[in-house]
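**Q** Model the following, please.
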Amino acid sequence: MSILSFSGPRFTTRQMTLASMLIALQVVLGKLSVGDPAVVKVGLGFIATALIGYFLGPWIGGLAMVINDLISNTILSSGTLFFPGFTLSAFVSGVIAGMFLYNQKVTWQRALVYEFFQILVTNVLFTTLWIYLMSLSSSSTGRTFMALLTIRLPKEVITWPIEALIVFVILRQVARINLGATR
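**A** A predicted model of the protein is given here:
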């Protein structure tokens, strides 16, 4: 067992079916959120992201997250604008989840480190950058990157251990009942 897994399962009909079900779960959980998506939004999509990485690995997981982003922000859009940067973030999110969780023993340390990198890269850096870039084009004043980061960072620091605990509990139960045997 390595620290990070860069390999994934073969893309079979079974994996495609599993990916479809996990994408549907991601779409539903992603819609269950509160807050302003332009500043701070709290939701449950991180659970499905972890499951996608755990079952599908980094590359199929990244592709699944891109498909989820396209479905969520085009077909099932709730009025927000489509921005390709968020699609890149979705891919990176799936890759990070797969690298940390696929074929790995579920421990609280791994869940904590996984959530740290997931939140740091996708939520703190990428999402803040995309919101900043979108605010530049939509208004003449535009928020500064550091001002957005100052608003968003406390939420991310607070949710990090909470999300890690939830991911740990869910993945531990999945591993315990041996749902991963379908890999």
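
**Q** which residues of the chain fall in helices?
**A** 13-31, 45-70, 84-101, 108-118, 128-138, 145-176 (DSSP state H).

**Q** Can you tell me which of the ones you listed is nearest to Ser7?
**A** Among those, the nearest to Ser7 by Cβ to Cβ is helix 45-70 (6.6 Å). Yep, even glycine has a C-beta here, placed from its N, CA and C like the rest.

**Q** And the closest one, what's buried?
**A** Within helix 45-70, the residues scored as buried using 16 or more other Cβ atoms under 10 Å are 45-69.

**Q** Quick check: which helices or strands does that helix pack against?
**A** For helix 45-70, the packing partners by 3 or more Cβ pairs under 8 Å, 6 or more residues apart in numbering; DSSP states H and E come out as helix 13-31, helix 84-101, helix 108-118, helix 145-176.

**Q** Name the stretch among those helices that sits most buried.
**A** For these, the largest average neighbour count (mean count of other Cβ atoms under 10 Å) is found in helix 84-101, namely a mean of 23.

**Q** Not counting it itself, show me its contacts.
**A** With Cβ atoms under 8 Å, 6 or more residues apart in numbering as the test, helix 84-101 has contacts from 4-6, 8, 49-50, 52-54, 56-66, 68-70, 73, 110, 113-114, 117-118, 121-122, 126-127, 129-130, 133, 171.

**Q** Identify all contacting residues around stretch 15-30.
**A** By Cβ under 8 Å, 6+ apart, stretch 15-30 touches 9, 43-45, 47-49, 51-52, 55-56, 60, 63-65, 67-68, 71-72, 76, 182.
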